[in-house]
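J.: have a look at this prediction, sequence included:
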Amino acid sequence: GESVGLHLPTLSVQEGDNSIINCAYSNSASDYFIWYKQESGKGPQFIIDIRSNMDKRQGQRVTVLLNKTVKHLSLQIAATQPGDSAVYFCAESPMDSSYKLIFGSGTRLLVRP
Amino acid sequence: GAVVSQHPSWVICKSGTSVKIECRSLDFQATTMFWYRQFPKQSLMLMATSNEGSKATYEQGVEKDKFLINHASLTLSTLTVTSAHPEDSSFYICSAPVGRTDTQYFGPGTRLTVL
């Protein structure tokens, strides 16, 4: 079936460095993409989203890039902090899916002090 | 952002009993809510779509008689795990889209342990 997947299950970065988390999606009908952060024992927390008519969107310390040609999504975190340590999920919403989200497998980000 | 709450945050029950989990949108109305299940070190899997005033829509492979969903009001959806068994032990999370946007906010999750 169609799915959203990630290239790296675990990413370890030095505090202060930039982090890049990648995601591949396969549903060409998806028109909305979201990144969520999930800390242990908690629900996912919205980070940033992007629609398919854009290729880049910036937030506070985060940037999401969308490459529709290769069906690739990435999350960039600038100046990574210990509080950024968590599991990050990308999710896609296929067009006309009534807000359903399909989640990727997740990447664990570990920030070294 | 919008706030979604869940109750209880964790529950332990005996095999064969039923457990009800509540999902509430605290500062907005939600005609649609979603229920997910997450096993340890895995991603979220959509179980069903809860629709206010109508029947829930279940994803393929999810037993509707096992996981009863009731969307009684615009701010409350409940998930009842009936005749729970140890394999039902999981982290159950609900979400709701805000208004007519795609942005979904998630509850804090409910940890269910079936002995």
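T.: Yes, it's here.
J.: quick one: whichever residue of chain B sits closest to chain A and B:Phe28, what's the gap?
T.: Residue of chain B nearest chain A, by Cβ to the nearest Cβ: B:Phe106 (3.9 Å). To be clear about C-beta, it is placed using only N, CA and C from the backbone, and glycine gets the same treatment. Between B:Phe106 and B:Phe28 the computed distance is 14 Å (Cβ to Cβ, to the nearest Å).
J.: between these two, which has more neighbouring residues?
T.: B:Phe106 (23 against 16; other Cβ atoms under 10 Å in any protein chain shown).
J.: got the phi and psi for the residue lying closest to that one once chain neighbours are set aside?
T.: Once flanking residues are discounted, B:Phe106 sits nearest to A:Gly43: 3.9 Å by Cβ to Cβ, 6 or more residues apart in numbering or on different chains. Main-chain dihedrals, A:Gly43, degrees, to the nearest 10: phi -80, psi 160.
J.: ok, now which ones touch A:Gly43?
T.: B:4, B:6, B:93, B:95, B:106-109 (Cβ atoms under 8 Å, 6 or more residues apart in numbering or on different chains).
J.: so which of those wins on neighbours?
T.: So for these (other Cβ under 10 Å), the most neighbours sit at B:Gly107, 29 neighbours.
J.: ok, it touching B:Phe91?
T.: No. Taking Cβ atoms under 8 Å as the definition, B:Gly107 is not a contact partner of B:Phe91, at 10.8 Å.
J.: wait, A:Thr63 touches A:Met54, no?
T.: No. Using Cβ under 8 Å as the test, A:Thr63 is too far from A:Met54 to be in contact (11.7 Å).
J.: between those two, who's got more neighbours?
T.: A:Thr63 (17 against 13).
J.: strands of chain B, start to end?
T.: B:4-7, B:10-13, B:19-25, B:32-38, B:44-51, B:57-58, B:67-73, B:76-81, B:90-97, B:104-106, B:110-114 (DSSP state E).
J.: now tabulate those in JSON lines and tack on distance to A:Thr10.
T.: Output for the strands of chain B, formatted as JSON lines (distance: least, Cβ to Cβ, whole Å):
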{"stretch": "strand B:4-7", "distance to A:Thr10": "28"}
{"stretch": "strand B:10-13", "distance to A:Thr10": "27"}
{"stretch": "strand B:19-25", "distance to A:Thr10": "30"}
{"stretch": "strand B:32-38", "distance to A:Thr10": "18"}
{"stretch": "strand B:44-51", "distance to A:Thr10": "18"}
{"stretch": "strand B:57-58", "distance to A:Thr10": "33"}
{"stretch": "strand B:67-73", "distance to A:Thr10": "32"}
{"stretch": "strand B:76-81", "distance to A:Thr10": "31"}
{"stretch": "strand B:90-97", "distance to A:Thr10": "20"}
{"stretch": "strand B:104-106", "distance to A:Thr10": "23"}
{"stretch": "strand B:110-114", "distance to A:Thr10": "23"}
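J.: would you turn those strands into JSON lines with mean pLDDT?
T.: As requested, those are exported to JSON lines (pLDDT from 0 to 100):
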{"stretch": "strand B:4-7", "mean pLDDT": "96"}
{"stretch": "strand B:10-13", "mean pLDDT": "97"}
{"stretch": "strand B:19-25", "mean pLDDT": "97"}
{"stretch": "strand B:32-38", "mean pLDDT": "95"}
{"stretch": "strand B:44-51", "mean pLDDT": "94"}
{"stretch": "strand B:57-58", "mean pLDDT": "95"}
{"stretch": "strand B:67-73", "mean pLDDT": "93"}
{"stretch": "strand B:76-81", "mean pLDDT": "97"}
{"stretch": "strand B:90-97", "mean pLDDT": "95"}
{"stretch": "strand B:104-106", "mean pLDDT": "91"}
{"stretch": "strand B:110-114", "mean pLDDT": "97"}
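J.: fine by me, we can end here.
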